[in-house]
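Colleague: Dropping the sequence and predicted coords here.
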Amino acid sequence: MGARRFILLGPPGAGKGTQSALLVESLSIPQVSTGDLLRAARKAGTDLGRKAQLFMDQGHLVPDDLVLSLVEERLSRDDAKGGYILDGFPRNLAQADALDSRGIVVECVVNVDVPFEILVGRIAGRRVCQGCGATYHATNSPPRTEGVCDACSGSVGQRKDDDAAVVESRLKVYASETAPLIDFYKKRGILRDVNGLGSTESVYQAVLAALGS
Ligand code: ADP
Ligand code: ADP
Ligand code: ZN
């Protein structure tokens, strides 16, 4: 089979990262999360990481040129040759155009749909491992020992930008910059809507069905 490339689209807290982690296992293609790449760049203290910092902490989009250079580098690695799942990218029309202009053809775009009022609770309860990036939820799916990652024993805590004031800005940015991509890909005939409510497993089954896997 040829390379399989997918986009997971959806607002912050929709469950894109959670679903990507499951898809990585079953499809054997990597997850490419621009949020993860940006956080790694910050942690490593690179120039790009430092430039991205303020935008992320205020809940704004990081400028396209910075994000595109990270994506370009990531997609050029060997493990991306068989395809990948784009999580959190593209985030605006300019980024979608950049994919097109590089000749990257995606098979389909899964739009994970979750009502705004539910997103706020998911984001407030989100807990993330600083070591391996595993995602938990304080009440829905906590680690076995509070604050300790099941997978790597790393420290599990809250993301700085999951703070209520920043979340409000991120949800606004989603509505104005990212949501227009729904129509963009619908017109192209590759958008598949998935209901993001329900258990992680039931959403996963719906995502697999949408991917035709
Ligand atoms: P979430 O899925 O909760 O929105 P992400 O980890 O995808 O969180 O993104 C965290 C932050 O990283 C965003 O608020 C934004 O500042 C930045 N970011 C991530 N991906 C992009 C992107 N494709 N373009 C611009 N900024 C991005
Ligand atoms: P995104 O990557 O879209 O921002 P995440 O995958 O990080 O979203 O999920 C946000 C939060 O919601 C996390 O705490 C995660 O554990 C939780 N979550 C994910 N999927 C579900 C679900 N189907 N039901 C309840 N909570 C979920
Ligand atoms: Zn971990």
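Modeller: Good, I have the coordinates. Ligands and ions are numbered 1, 2, ... in the order given.
Colleague: For residue 148, see how far away the closest residue to ligand 1 within the chain is.
Modeller: In the chain, the residue that lies nearest ligand 1 is residue 35 (1.9 Å; Cβ to the nearest ligand atom). C-beta here means a position set from N, CA and C on the backbone, and glycine is covered the same way. Distance of residue 35 to residue 148, computed by Cβ to Cβ, to the nearest Å: 23 Å.
Colleague: And for residue 110?
Modeller: Counting by Cβ to Cβ - residue 110 and residue 148 are separated by 32 Å.
Colleague: re earlier: tell me which helix or strand the residue of the chain closest to ligand 1 sits in.
Modeller: Assigned by DSSP states H and E, residue 35 falls within helix 34-44.
Colleague: From the contact counts, what lies against that helix?
Modeller: Secondary-structure packing of helix 34-44 (3 or more Cβ pairs under 8 Å, 6 or more residues apart in numbering; DSSP states H and E): helix 47-57, helix 64-75, strand 83-87.
Colleague: ok so, going back, residue 35 and residue 148 - which one has more neighbours?
Modeller: residue 35 (19 against 13; other Cβ atoms under 10 Å).
Colleague: Okay, helices next: where are they in the chain?
Modeller: Here the chain has its helices, by DSSP state H, at 16-27, 34-44, 47-57, 64-75, 93-101, 116-125, 164-173, 180-187, 200-211.
Colleague: can you pull up the bridge partners for the residue of the chain most remote from its centre?
Modeller: Centroid-distance maximum for the chain: residue 145 at 25.7 Å, with Cα atoms, centre = their mean. Beta-bridge partners for residue 145, by DSSP bridges, are residue 148.
Colleague: Give me the pLDDT value at it.
Modeller: Residue 145 carries a pLDDT value of 97.
Colleague: Leaving out sequence neighbours, find the closest residue to residue 174.
Modeller: Residue nearest to residue 174 in three dimensions, not counting chain neighbours: residue 11, with 4.5 Å by Cβ to Cβ, 6 or more residues apart in numbering.
Colleague: How about residue 193?
Modeller: Nearest residue to residue 193, sequence neighbours excluded (Cβ to Cβ, 6+ apart): residue 111, at 5.1 Å.
Colleague: From residue 6, how far off is the one you found?
Modeller: Distance from residue 111 to residue 6, counting by Cβ to Cβ: 11 Å.
Colleague: between the two, who's got more neighbours?
Modeller: It is residue 6, of residue 111 and residue 6, that has more neighbours when counted by other Cβ under 10 Å, with 25 against 21.
Colleague: so that one makes contact with residue 213?
Modeller: No - assessed by Cβ atoms under 8 Å, residue 6 is found out of contact with residue 213, at 9.7 Å.
Colleague: mind listing what residue 3 touches?
Modeller: Counting by Cβ atoms under 8 Å, 6 or more residues apart in numbering, residue 3 makes contact with 81-83.
Colleague: Apply the buried test to those and list what passes.
Modeller: By neighbour count, with 16 or more other Cβ atoms under 10 Å, the contacts of residue 3 hold residue 83 as buried.
Colleague: can you put the contacts of residue 3 in CSV and add distance to residue 136 and pLDDT?
Modeller: Below are those laid out as CSV (distance: Cβ to Cβ, whole Å; pLDDT from 0 to 100):
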residue, distance to residue 136, pLDDT
81, 32, 95
82, 29, 94
83, 28, 96
